[in-house]
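K.L.:
Provided below are the primary sequence and the corresponding predicted coordinates.
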Amino acid sequence: MPEAEQTLPSNETEFLADAEAIAARIPDGAFVALPPDYSLVAMDVVRALIRRNARNLRLLGVPVLGFCADLLIGAGCVAEVETSAVSLGEAGLAPRFTEAAERGTLRVVDATCPMVHSGLQAAEKGVPFMPLRGVLGSDLVRHRADWKTLDNPFATNDALLVAKAIVPDVALIHARWADARGNLWIGRRRELATIAHAAKATLATVEALREGDMLEDELLAPGVLGSVYVSAVAPAPRGAWPLGVIGEYAIDDAHLLEYARRAKTAEGFARYLDEFVLKRAAQPA
Amino acid sequence: MDYAREELLACTIARLIGDVTRTAHVAVGAASPIPATAVELLRARQGGRPRLSLLHRRRGNPFSEGSRELFDLAGQGRIDVFFLGGAQIDGEANINLVGTGAYPHTEHRFPGSFGSAYMYFSARRTILFREEHSARVLVPKVDFVSAPGWSPPGVWRRGGPQALLTGKAQFAWQADKRRFRLESVHPGCSAAEVRAATGFDYDAPDSVNSTPTPTDEDLALLRGPVAVEIAANYPQFARKVWGLAA
């Protein structure tokens, strides 16, 4: 029997004051979809979640997680991650994730990148699943009750893997601009659009607010995520730091290396939190 | 001329990628500066061919449909060569990027499978690359199969492993035998040393070749235009190998 309809929230965009107000909209236990570190990450909201002592979050990496997840895990905000990987990229392993996974204090639901994309694409189309080639024979399949195989209805002896639709409670993203209508400009980072289309609510911070309607501008429109998906937005200049916003500021490699070094121990991580998250509402400009 | 270990490995990967007329599109995934260097070397030699799609290019990323576009391209057969590594790699070319021990209770947890379980099937060929050559990495059987090295008949699979390159040696994959064959050992290593450091069994000729070293022309390109290109996306790597700032 088909699943019942889900009720989606109102599609009016609310304008909130700051990242703290966005974080207040994410309840404990929420299933939160996050973009990878090289995309547009709402780091100010991540820091605000830690300050408000968020608990039992389930993070979805689209398709992988990095620094933002490592911070949340280390601060004790996370019960589970569903992701294709957690890594700091060139800065190496994500130390708080690694320790929590090895100690068994974090549940890790291992995925592979295109299965995450396919599950979200199913959700954005409103269908229950999406098929994908490959993957069969990977041990990932044995450990995922929500990954099933299906015979190709157009051929014989052709099994396909199918991803169940993934519907996050919240898509948490950062964008360059929000206009007066609540449209966001995300540029080429279209995975943010996929997350927003699939999620029940999209919460965003932006580098800056701007006048007018970006959908009226033919050059800006292809990079826009329409306000129909955007639940609430707040300004957060340099809100992705130490991650980057392409065209605005680059990822802060030196800071990530420093983090990787300090977060190797619980004590070093605690000192990092104290210095960069708990004691200050904003980072250096 | 003296060369860095990274330069030898990049030149070897460039040879494995091979004839550019048959190689239209090479994609390089996360944290892979040496494969990226190999492709940039080919491009510097060959007037900008093959096409390189560098996933983590900081500026001018090749994709405009988000991070799923690589996988959509691969699904259609538009990716000819891809690279994968492994925390463990076994003699049947299975790779493990998840962790050691009895999953999900991992003793040593690694980042995760990334797109390997898909790309290993859908890219036309995959070059396995792992610098550490030890019995810890090259194991008889991986603890967790992130992506299998081969698939039984009836399972859709477009491509698979071509070769395994490590810091000590280069192996060719023999799909018919599902076994590696030692092709060459790098200068300074012996066949016996490679055998001792490899946890899985493999075929080897009686007399093993030495991996060719970079030519002066290769080194001039690597230290010139290639280094500049790589520094933009892998600043720490470029600083380490060529003393170059981004």
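P.N.:
Yep, that arrived.
K.L.:
only C-alpha atoms for contact and neighbour calcs from this point on.
P.N.:
Will do.
K.L.:
all helices for the stretch 151-285 of chain A, in order.
P.N.:
Counting by DSSP state H, counting those that start in this stretch, the stretch 151-285 of chain A has helices at residues A:191-198, A:253-262, A:266-273.
K.L.:
Just the buried positions in the last one, please.
P.N.:
When you say that, I think you mean helix A:266-273. Residues of helix A:266-273 classed as buried by neighbour count (16 or more other CA atoms under 10 Å in any protein chain shown): A:F269, A:A270, A:Y272, A:L273.
K.L.:
follow-up on the earlier one: could the helices of the stretch 151-285 of chain A be laid out in CSV, adding mean pLDDT?
P.N.:
Shown next, in CSV, are the helices of the stretch 151-285 of chain A (pLDDT from 0 to 100):
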stretch, mean pLDDT
helix A:191-198, 96
helix A:253-262, 96
helix A:266-273, 97
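K.L.:
Is it possible to get a markdown table of these that adds distance to A:L219?
P.N.:
Listed next are the helices of the stretch 151-285 of chain A as a markdown table, based on distance: least, CA to CA, whole Å:
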| stretch | distance to A:L219 |
| --- | --- |
| helix A:191-198 | 17 |
| helix A:253-262 | 31 |
| helix A:266-273 | 41 |
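K.L.:
export those to TSV and tack on distance to chain B?
P.N.:
Formatted as TSV, these follow (distance: least, CA to the nearest CA, whole Å):
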stretch	distance to chain B
helix A:191-198	5
helix A:253-262	9
helix A:266-273	17
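K.L.:
what's the closest of those helices to B:V241?
P.N.:
Nearest to B:V241 among the helices of the stretch 151-285 of chain A is helix A:253-262 (17.6 Å), distances taken as CA to CA.
K.L.:
and that closest one, what does it pack onto?
P.N.:
On a contact count with 3 or more CA pairs under 8 Å, 6 or more residues apart in numbering or on different chains; DSSP states H and E, helix A:253-262 meets helix A:266-273.
K.L.:
for the residue most central in space within chain A, which residues make a bridge with it?
P.N.:
Among the residues of chain A, the one closest to the centroid is A:L34, at 0.5 Å (CA atoms, centre = their mean). Here A:L34 sits in beta bridges with A:G61, going by DSSP bridges.
K.L.:
so how many other residues sit close to B:I230?
P.N.:
22 (other CA atoms under 10 Å in any protein chain shown).
K.L.:
For whichever strand or helix holds it, what does the pLDDT average out to?
P.N.:
Secondary-structure element containing B:I230, defined by DSSP states H and E: helix B:227-233. The pLDDT scores in helix B:227-233 average 90.
K.L.:
Pull out the buried positions in it.
P.N.:
The neighbour-count check on helix B:227-233 (16+ other CA under 10 Å) flags B:A227, B:V228, B:E229, B:I230, B:A231, B:N233 as buried.
K.L.:
Following that helix in sequence, what is the next regular element?
P.N.:
As assigned by DSSP H and E, the chain's next helix or strand after helix B:227-233 is helix B:235-242.
K.L.:
which other helices and strands contact that next one?
P.N.:
Counting contacts by 3+ CA pairs under 8 Å, 6+ apart, helix B:235-242 is packed against helix B:227-233.
K.L.:
May I have the helix holding B:I230 exported as PDB, CA atoms only?
P.N.:
Taking Å, rounded to 0.1, in the frame of the first residue of the first chain, the C-alpha atoms of helix B:227-233 are listed here in PDB:
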ATOM      1  CA  ALA B 227      53.400  22.200 -10.500                       C
ATOM      2  CA  VAL B 228      51.700  25.500 -11.000                       C
ATOM      3  CA  GLU B 229      48.400  23.700 -12.000                       C
ATOM      4  CA  ILE B 230      48.600  21.300  -9.100                       C
ATOM      5  CA  ALA B 231      49.400  24.000  -6.500                       C
ATOM      6  CA  ALA B 232      46.100  25.700  -7.100                       C
ATOM      7  CA  ASN B 233      44.200  22.600  -5.900                       C
END
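K.L.:
What count of nearby residues applies to whatever residue of the stretch 1-150 of chain A ends up closest to chain B?
P.N.:
With CA to the nearest CA as the measure, A:A85 is the residue of the stretch 1-150 of chain A nearest to chain B, at 4.0 Å. A:A85: 29 surrounding residues under other CA under 10 Å.
K.L.:
In terms of pLDDT, where does the closest residue to it other than its chain neighbours sit?
P.N.:
Residue nearest to A:A85 in three dimensions, not counting chain neighbours: B:G112, with 4.0 Å by CA to CA, 6 or more residues apart in numbering or on different chains. Note on B:G112: pLDDT of 97.
K.L.:
Please look at A:P114 and B:G115 and confirm they touch.
P.N.:
Yes. If you go by CA atoms under 8 Å, A:P114 and B:G115 touch, sitting 6.5 Å apart.
K.L.:
which ones are touching the closest residue in space to A:T105 that isn't next to it in sequence?
P.N.:
In space, and not counting its chain neighbours, A:T105 is closest to A:A79: 7.8 Å by CA to CA, 6+ apart. Contacts for A:A79 (CA atoms under 8 Å, 6 or more residues apart in numbering or on different chains) come out as A:R55, A:N56, A:L57, A:R58, A:T105, A:L106, A:R107.
K.L.:
redo that, cut-off 7 Å
P.N.:
Listed by CA atoms under 7 Å, 6 or more residues apart in numbering or on different chains, the contact set of A:A79 reads A:N56, A:L57, A:R58, A:L106, A:R107.
K.L.:
before we move on, what about A:P35?
P.N.:
A:V41, A:G61, A:V62, A:L192.
K.L.:
correct me, but the third one touches A:V32?
P.N.:
No. Taking CA atoms under 7 Å as the contact criterion, A:V62 and A:V32 are not neighbours in contact, 10.3 Å apart.
K.L.:
More neighbours: which of these two?
P.N.:
Comparing A:V62 with A:V32 by other CA under 10 Å, the one with more neighbours is A:V62, at 27 against 23.
K.L.:
Please see if the longest helix seen in chain A touches chain B.
P.N.:
Looking across chain A with DSSP state H, the single longest helix is helix A:113-125. Yes. Legend: contact between helix A:113-125 and chain B by CA under 7 Å from any CA of the partner chain is shown at A:C113, A:P114, A:H117.
K.L.:
which other helices and strands contact that helix?
P.N.:
Other elements packing on helix A:113-125 under the criterion 3 or more CA pairs under 7 Å, 6 or more residues apart in numbering or on different chains; DSSP states H and E are strand A:129-132, strand A:159-164, helix A:191-198.
K.L.:
Give me the secondary structure label for the residue of chain B most remote from its centre.
P.N.:
Note on chain B: the largest C-alpha distance from the chain mean falls to B:H105, namely 28.2 Å (CA atoms, centre = their mean). What DSSP: H, G, I helix; E, B strand; the rest coil gives for B:H105 is coil.
K.L.:
OK, contacts around it?
P.N.:
Residues near B:H105 by CA under 7 Å, 6+ apart: A:G104.
K.L.:
ok, now with 8 Å
P.N.:
Taking CA under 8 Å, 6+ apart as the definition, contacts of B:H105 comprise A:E102, A:G104.
K.L.:
swap in A:P63?
P.N.:
A:P63 touches A:P35, A:P36, A:T83, A:S84, A:A85, A:T112, A:C113, A:P114, A:V116, A:H117, B:S67, B:F114, counting by CA under 8 Å, 6+ apart.
K.L.:
List the contacts of the lowest-mean-pLDDT helix or strand in chain B.
P.N.:
Lowest mean confidence among the helices and strands of chain B (mean pLDDT, DSSP states H and E): strand B:51-54, at a mean of 86. Outside strand B:51-54, the residues that touch it by CA under 8 Å, 6+ apart are B:A24, B:H25, B:V26, B:A27, B:V28, B:G29, B:A36, B:V39, B:E40, B:N61, B:P62.
K.L.:
Report the distance from it to the chain centre.
P.N.:
Strand B:51-54 sits 14 Å away from the centroid of its parent chain (CA atoms, centre = their mean, to the nearest Å).
K.L.:
Run me through the strand neighbours of that strand, direction for each.
P.N.:
In the sheet, strand B:51-54 lines up with strand B:25-28 (parallel) (DSSP bridges).
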